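J.: I would like to see how this sequence folds:
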Amino acid sequence: MNFSNNYIFYPNNSELVNAIDHYKILLNDQSVVDDAPDNSVTVKDVFIHTRGNFELRRFNTSILEPARESLESLLTEKLREQEPLQWAAIQNSLGNILAALGQQRMDVGLYEKAITSFNLALEEYSQESTPSEWATSQYNLGTATQALGRQQDDSKLLKASVDAYTDALLVWTREKMPLEWATTMYQLGASFHSHGKLLKGNRTLEKAIVAFKNALVGFDADSHALELAATHNSRGAALHNLAESEESVERLEDAIRSYETALTVCMEQQLPFHLAVLCRVNRSTAKGVLAELTKDLAAADEVADDFELIIECFHDILQPLCLKHCKRQLEHTQTLMKKLSVPA
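T.: Sure, this is the predicted structure:
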């Protein structure tokens, strides 16, 4: 079967922020880094939070190549022999820089180098002697393999990301590291969701829903509004796709509630407006599937009205492909209404 398009957005990647901060510290004031984003020009819609796990939001993208070159130059065999943990820490930072470049350029080779860097760090870290660093490296490995697996539609990579996140959770427990635990649960859910869609596997999609539900425990609207909204939206997407596979009215209704909660968080916490619009597009798409499944003419009419409103009012906010999706959904719903209007 073909799943509906649904749109996800991503929480901030604190590990990428840490990697760039680590690079700046290692510079030791030897050079000046202008890493601030250019906010002097108003951009109509920069689509922030939608590009992927390695999107830069606090830094200028021009910082990535100098950071890569500097970190690579420090990774000598002498440093590994004398200070293996420092060498591993640099590998960790380099991996995040490489993955950010890989996402920016859609470059498989850069992603693969990032994965190699994280695996090299794990050669020096262990769960027993350096549990925090080991868990961080496992988490980073999971995020890079998830991103490449999504780009390549590679089930082995997505399975590897699940394994890495599961290992990280051996250390980052809910009791000891609640925020890290919740963030990893979100990413675990994202890997399960991508893997489940690729395999068309209901059990894997169910695992995604459970992971997202777990993650919600660790986020609150005041301190982690973006993470909370992203998790509700992603849980809705997993429920949405599973409902299509099972032809389940109950799952669709649950998906719609998740999208609505994500929309509410976006609006109440004043997150970037296009995120709220994406939640609304997702909700309307799910309602369209529900109307078709239940053969409900009134519900289909409501969906058509909502897509007309989205297209008219948010035309300049939607990404081009998302706008095309909305137009297709409107046409599909109007065709459905004509079918349902004909007496049996």
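J.: name the element residue 205 belongs to?
T.: helix 202-216 (DSSP states H and E).
J.: for residue 109, give me its contacts.
T.: When contacts are counted by CB atoms under 8 Å, 6 or more residues apart in numbering, residue 109 touches residue 102. No exception for glycine: its C-beta is placed from N, CA and C like everyone else's.
J.: just the C-alpha atoms of the helix or strand hosting it, please, in PDB.
T.: For residue 109, the element it lies in under DSSP H and E is helix 108-124. Extracted in PDB, the C-alpha atoms of helix 108-124 (Å, rounded to 0.1, in the frame of the first residue of the first chain):
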ATOM      1  CA  VAL A 108      26.500   9.800   1.300                       C
ATOM      2  CA  GLY A 109      30.300   9.700   1.600                       C
ATOM      3  CA  LEU A 110      30.300  12.400   4.300                       C
ATOM      4  CA  TYR A 111      27.600  10.600   6.300                       C
ATOM      5  CA  GLU A 112      29.700   7.400   6.100                       C
ATOM      6  CA  LYS A 113      32.800   9.300   7.400                       C
ATOM      7  CA  ALA A 114      30.700  10.600  10.300                       C
ATOM      8  CA  ILE A 115      29.600   7.000  11.100                       C
ATOM      9  CA  THR A 116      33.200   5.900  11.000                       C
ATOM     10  CA  SER A 117      34.200   8.800  13.400                       C
ATOM     11  CA  PHE A 118      31.500   7.700  15.900                       C
ATOM     12  CA  ASN A 119      32.600   4.100  15.700                       C
ATOM     13  CA  LEU A 120      36.300   5.100  16.300                       C
ATOM     14  CA  ALA A 121      35.200   7.100  19.400                       C
ATOM     15  CA  LEU A 122      33.500   3.900  20.600                       C
ATOM     16  CA  GLU A 123      36.800   2.000  20.400                       C
ATOM     17  CA  GLU A 124      38.100   4.200  23.200                       C
END
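J.: and that helix, how far out from the chain's middle?
T.: Put simply, helix 108-124 sits 20 Å off its chain's centre (CA atoms, centre = their mean, to the nearest Å).
J.: ditto for stretch 107-115
T.: Worked out by CA atoms, centre = their mean, stretch 107-115 lies 18 Å from the chain centre.
J.: mind listing what's buried in it?
T.: Of all the residues in stretch 107-115, those buried under the rule 16 or more other CB atoms under 10 Å are 110, 111, 113, 114, 115.
J.: could I get those residues in CSV, plus columns for distance to residue 25?
T.: Below are the buried residues of stretch 107-115 laid out as CSV (distance: CB to CB, whole Å):
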residue, distance to residue 25
110, 23
111, 25
113, 22
114, 20
115, 24
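J.: could I get those in a markdown table, plus columns for pLDDT?
T.: As requested, the buried residues of stretch 107-115 are exported to a markdown table (pLDDT from 0 to 100):
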| residue | pLDDT |
| --- | --- |
| 110 | 98 |
| 111 | 98 |
| 113 | 98 |
| 114 | 98 |
| 115 | 98 |
